[in-house]
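[1] give the three-dimensional model of this entry:
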Amino acid sequence: MNLLEAIILGIVQGLTEFLPVSSSGHLTIFQHIMGVDMEGNLFFNVMLHVGTLVSVCVVYHKLIGKLIKAFFELIRDVFSGKFRWSKMKGDTNLLFMIVIGLVPLFLLFVPIPGAGGLNAKDLAELWQGNTGFFMVIGCSLLATSVFLWVGVKAMENTVKKYAARSTSDVPGRRRMKVADAVIIGLTQCFAAIFPGLSRSGSTLAMGELRGLNKQVALDYAFVLGIPSIIAAALLEGIDAFKAQGMQDTIQVSTGAMIAGMIAAMIVGFFAIMLFKWMLEKDRTTIFVAYTAILGVAIIIISAIELKSGNNLFSGQPLTFG
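    As a prediction, the model looks like this:
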């Protein structure tokens, strides 16, 4: 992988990690077009995740600071006997909701009955070893479009409800409930199984469907994604060392790796700010159309490739995984 390819993939990762269009889906598409084998460069993929992790931490550094403070205050209140669930502050509530929202991710490691010991995480990896993987990406992008459309309609109903009551200029609940965190967490878990299904888009849509304020739902989706990104980076790093060994794990030059990580970090920062602005201005319907059109295009391309047995762009035999 050369420097330009690393920067392009870094830009794609940073842009699509936070916009509701699926980073895994877009990375696969660009790798397919460019003929880059990321399975031989797993450590580079980890570093791209680190870049996007830095960007989300920069944008939400104040909120993260509040959550850290709330954590220590919670420990103090628990040991002093002052903690009351019904009287906890907003930051403490959010801290609990994040923890609850992460619990469903453990379902990814629970063996699937009748699947010979396979778990949901293994299922996600199996997609990549199949020549129909590109078709899965296309179908998942279409599912992302449906999720986003449901979210848009749910928010329209919330706005009408609040307008009828004339109770607030900011429609939607600002305080989360346990049910919100569980459902959004399960949605994130589901999105992790299907490459091409946007984590940020699906969790945002589910938050809107639950009646949350759209900015609250988006902030929760992004902050919830921080531990998820860390976990994904750790798991991919472990897989890289197991599959390739210590000496063969890093197959990208240091310069290209740093350039890709920096590109992911910078572009990721602006992608978050852009999405927050677009959500505020109710302009997210563009992502509904984009993911639908791209999903259909990928399905058509995949069908052509499966029939011919060759990559439509490089002419090489289909190879995935």
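
[2] can you get me a residue count around residue 82?
    Residues near residue 82, counting by other Cβ atoms under 10 Å, number 10. Any C-beta I mention is one placed from the backbone N, CA and C, and that applies to glycine too.

[3] name the SS class of it, please.
    For residue 82, the assignment made with DSSP: H, G, I helix; E, B strand; the rest coil gives coil.

[4] now residue 151: how far from residue 13?
    For residue 151, the distance to residue 13 (Cβ to Cβ, to the nearest Å) stands at 23 Å.

[5] higher neighbour count, those two?
    Ranked by neighbour count (other Cβ under 10 Å), residue 151 and residue 13 place residue 13 first, with 29 against 26.

[6] where does this structure dip in pLDDT?
    Applying pLDDT under 70 to the chain picks out residues 36-42, 115, 124-131, 166-169, 239-252, 319-321.

[7] middle-most residue in it, spatially?
    residue 199 (3.4 Å; Cα atoms, centre = their mean).

[8] pretty sure it sits against residue 225.
    Yes: the pair residue 199 and residue 225 passes the contact test of Cβ atoms under 8 Å, sitting 6.5 Å apart.

[9] give me the common contacts of these two.
    In terms of Cβ atoms under 8 Å, 6 or more residues apart in numbering, residue 199 and residue 225 are both contacted by the residues residue 188.

[10] just the helices in the stretch 201-321 of the chain please.
    Applying DSSP state H, counting those that start in this stretch to the stretch 201-321 of the chain gives helices spanning 214-248, 254-280, 285-308.

[11] ranking those by burial, who's on top?
    Among the helices of the stretch 201-321 of the chain, helix 254-280 has the highest mean neighbour count (mean count of other Cβ atoms under 10 Å), at a mean of 19.

[12] just checking, what packs against it?
    Counting contacts by 3 or more Cβ pairs under 8 Å, 6 or more residues apart in numbering; DSSP states H and E, helix 254-280 is packed against helix 3-18, helix 42-59, helix 214-248.

[13] what segments of the stretch 51-200 of the chain are strands?
    Using DSSP state E, counting those that start in this stretch, the stretch 51-200 of the chain contains no strands.

[14] make a markdown table from the helices of the stretch 201-321 of the chain and add distance to residue 318 to it.
    As requested, the helices of the stretch 201-321 of the chain are exported to a markdown table (distance: least, Cβ to Cβ, whole Å):
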| stretch | distance to residue 318 |
| --- | --- |
| helix 214-248 | 21 |
| helix 254-280 | 26 |
| helix 285-308 | 6 |
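
[15] which one, of those helices, ends up nearest to residue 59?
    helix 254-280 (4.8 Å; Cβ to Cβ).

[16] how distant is the closest one from the center of its chain?
    Distance of helix 254-280 from the chain centroid (Cα atoms, centre = their mean, to the nearest Å) equals 14 Å.

[17] contacting residues for the nearest residue to residue 134 once chain neighbours are set aside?
    Ranked by Cβ to Cβ, 6 or more residues apart in numbering and with sequence neighbours excluded, the top spatial neighbour of residue 134 is residue 302, at 4.0 Å. Residues in contact with residue 302 (Cβ under 8 Å, 6+ apart) are 132, 134-135, 137-138.

[18] relative to residue 90, how far out is residue 215?
    Residue 215 is 14 Å from residue 90, by Cβ to Cβ.

[19] identify the contacts common to these two.
    Shared contacts of residue 215 and residue 90, defined by Cβ under 8 Å, 6+ apart, are absent.

[20] quick one, what contacts residue 108?
    Contacts of residue 108 were listed using Cβ under 8 Å, 6+ apart, and they are 119-121, 124, 189, 192-193.

[21] surely residue 102 touches residue 230?
    No: contact criterion Cβ under 8 Å: residue 102 and residue 230 do not qualify, at 10.7 Å.

[22] as TSV, the helices and strands packed on helix 254-280 with distance to residue 162 would be great.
    Formatted as TSV, the helices and strands packed on helix 254-280 follow (distance: least, Cβ to Cβ, whole Å):
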stretch	distance to residue 162
helix 3-18	27
helix 42-59	27
helix 214-248	12
